[in-house]
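Visitor: got a structure for you, letters missing:
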């Protein structure tokens with residue numbers, strides 16, 4: 001078995017606690033308008049291939065830098081497109097006491113994903129929007145599976161960092177943000193923190209390089225003052241940010 005790996009980051013600091021060895025996996029069924037990694041979408045595009053053991057051995061080169069809180073993260077793309085590979089990689093990590101995290105949209109949810117979660121310490125769950133119509137327009141897929149995924153994480157009491165990108169004119173809407181905060185209240189037990197992520201245009205150059213039209217070219221990055229206002233919506237509901 002080999003995983004199709006887009007790229008590796010040996011000193012990740014934003015994809016889970018502590019210092020992380022981050023594997024960006026190739027392939028994603030979503031087409032998020034604000035995606036800054038469109039080069040990871042096509043699963044058929046072969047990048048570098050690793051067996052789970054080879055990726056684990058690569059990670060070991062950096063393990064001494066993890067400290068007490070670090071570990072490994074798989075992201076993408078959508079890493080659960082390659083769920084069998086992730087399971088075997090995480091299994092090796094857990095056999096050797098390495099903390100594991102998966103950054104996912106929750107769109108892919110089946111019995112094989114449940115097997116991956118047996119070896120997962122933390123889920124970084126991206127909920128793009130709580131409104132079904134807005135979600136579909138923003139991602140080109142349905143919201144339903146993501147919410148089922150969250151329900152299952154609550155059922156098995158799996159730690160979650162909830163991520164939400166705030167995009168001006170689309171998800172930067174007080175009604176939508178309040179609705180999301182209210183929806184998440186019953187999941188407080190597992191949601192260890194919420195990461196409110198401001199929309200930015202740093203990935204636009206990739207669209208230019210790939211000859212792709214950038215869908216949100218007329219939208220400016222989120223204002224920092226507005227970001228603080230959005231954070232307060234979730235803080236008032238009792239969430240840690």
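Guide: Nice, I can see it. Source: prediction; values computed, not measured.
Visitor: going forward, measure contacts between C-alpha atoms and count neighbours the same way
Guide: Fine.
Visitor: next one: the lowest-mean-pLDDT helix or strand in the chain to chain centre, how far?
Guide: Lowest mean confidence among the helices and strands of the chain (mean pLDDT, DSSP states H and E): helix 204-210, at a mean of 86. Counting by Cα atoms, centre = their mean, to the nearest Å, helix 204-210 is centred 21 Å from the centre of its parent chain.
Visitor: which residues sit against that helix?
Guide: Outside helix 204-210, the residues that touch it by Cα atoms under 8 Å, 6 or more residues apart in numbering are 36, 37, 38, 39, 213, 214.
Visitor: does anything pack onto the next helix-or-strand element following that helix? Which helices or strands?
Guide: Once helix 204-210 ends, the next helix or strand along the chain (criterion: DSSP states H and E) is helix 224-235. Applying 3 or more Cα pairs under 8 Å, 6 or more residues apart in numbering; DSSP states H and E, one finds that helix 224-235 contacts helix 174-184, strand 191-198.
Visitor: quick one: the most centrally placed residue in the chain from residue 132, how far?
Guide: Note on the chain: the residue nearest the mean C-alpha position is residue 103, at 3.2 Å, using Cα atoms, centre = their mean. Distance of residue 103 to residue 132, given as Cα to Cα, to the nearest Å: 21 Å.
Visitor: ditto for residue 47
Guide: Between residue 47 and residue 132 the distance, using Cα to Cα, works out to 33 Å.
Visitor: same thing with residue 73?
Guide: Using Cα to Cα, one gets 28 Å for the distance from residue 73 to residue 132.
Visitor: ok, now residue 231?
Guide: Distance, residue 231 to residue 132, by Cα to Cα: 22 Å.
Visitor: same question, residue 69
Guide: 36 Å.
Visitor: which residues does the helix or strand hosting residue 154 contact?
Guide: In the assignment (DSSP H and E), residue 154 maps to helix 144-155. With Cα under 8 Å, 6+ apart as the test, helix 144-155 has contacts from 105, 106, 107, 108, 109, 127, 159, 160, 187, 189, 190.
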